[in-house]
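K.L.:
next input, structure requested:
(2 chains)
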Amino acid sequence: DAKTTQPNSMESNEEEPVHLPCNHSTISGTDYIHWYRQLPSQGPEYVIHGLTSNVNNRMASLAIAEDRKSSTLILHRATLRDAAVYYCILRGPGGANSKLTFGKGITLSVRP
Amino acid sequence: GAGVSQSPRYKVAKRGQDVALRCDPISGHVSLFWYQQALGQGPEFLTYFQNEAQLDKSGLPSDRFFAERPEGSVSTLKIQRTQQEDSAVYLCASSLYRTSGYNEQFFGPGTRLTVL
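P.N.:
Residues are numbered from 1 along each chain as shown, chains lettered A, B, ... in the order given. Predicted coordinates for the structure are as follows:
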């Protein structure tokens, strides 16, 4: 799987938008971009995924650069509960049943 | 509905002891994964089951690590002669089997193993 690069940490204020960046310059044309997050003392949970177009769901939005070499996870209004480690992961199309390859992720802190 | 459950949630072992960690996946989930997460790191893949078949065990760090899923549901990860470097959180994840497209993995809360 191609590698992703994320900043180590980011801080945000409660109820403000948060933009979490991810670089994946070696992404292949068929790799999906996934985001999982891990709340303290819990297992990771799925957030969102996309291929080329921007995606929205109830948790977040995913903005994908036109060249697909970077993407941004957007939390529209951060809450204290959003404080977590966020992982950006690439996965090939044939990887529906394959392992997830996590990096270190980005630690998001939310100030009240 | 019930999610993935793991037991025990915490385990303290003396160096050299054998331990067994249990995972109950979501009912009907064919795929089951084990991951190891060291402090401050992201989870790392250990092994993968499709039903009762262990299709990938490339991530198991040594022959002291053994996993099984004999009836295609509950899985056990066994570590023999534990060492201090085995101290970590062990995560189990399950998913449906899909031939293509997206397939979300559902994670349990993990078992925190501390080897003294």
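K.L.:
show the backbone phi and psi for the closest residue to B:L39 other than its chain neighbours.
P.N.:
Nearest non-adjacent residue to B:L39, counting by CB to CB, 6 or more residues apart in numbering or on different chains: B:A88, 7.5 Å away. For every residue, glycine as well, the C-beta is placed using N, CA and C. With angles defined as degrees, to the nearest 10, B:A88 shows backbone torsions of phi -180, psi 180.
K.L.:
contacting residues around A:M10?
P.N.:
The neighbourhood of A:M10, defined by CB atoms under 8 Å, 6 or more residues apart in numbering or on different chains, consists of A:18, A:20, A:106-109.
K.L.:
how about a cut-off of 7 Å?
P.N.:
Going by CB atoms under 7 Å, 6 or more residues apart in numbering or on different chains, A:M10 touches A:20, A:106, A:108.
K.L.:
which one of the residues you listed has the most neighbours?
P.N.:
A:L20 (22 neighbours; other CB atoms under 10 Å in any protein chain shown).
K.L.:
host element of B:W34?
P.N.:
Here B:W34 sits within strand B:31-37, counting by DSSP states H and E.
K.L.:
what pLDDT, on average, does that strand get?
P.N.:
Averaging pLDDT along strand B:31-37 yields 97.
K.L.:
which helix or strand contains the residue most central in space within chain A?
P.N.:
Computing the C-alpha centroid of chain A and ranking residues by CA atoms, centre = their mean puts A:W35 first, at 3.4 Å. Assigned by DSSP H and E, A:W35 belongs to strand A:32-38.
K.L.:
residues of chain B that sit close to chain A?
P.N.:
For chain B, the residues in contact with chain A (CB under 7 Å from any CB of the partner chain) are B:31, B:33, B:41-43, B:45, B:48, B:91, B:97-105, B:107-110.
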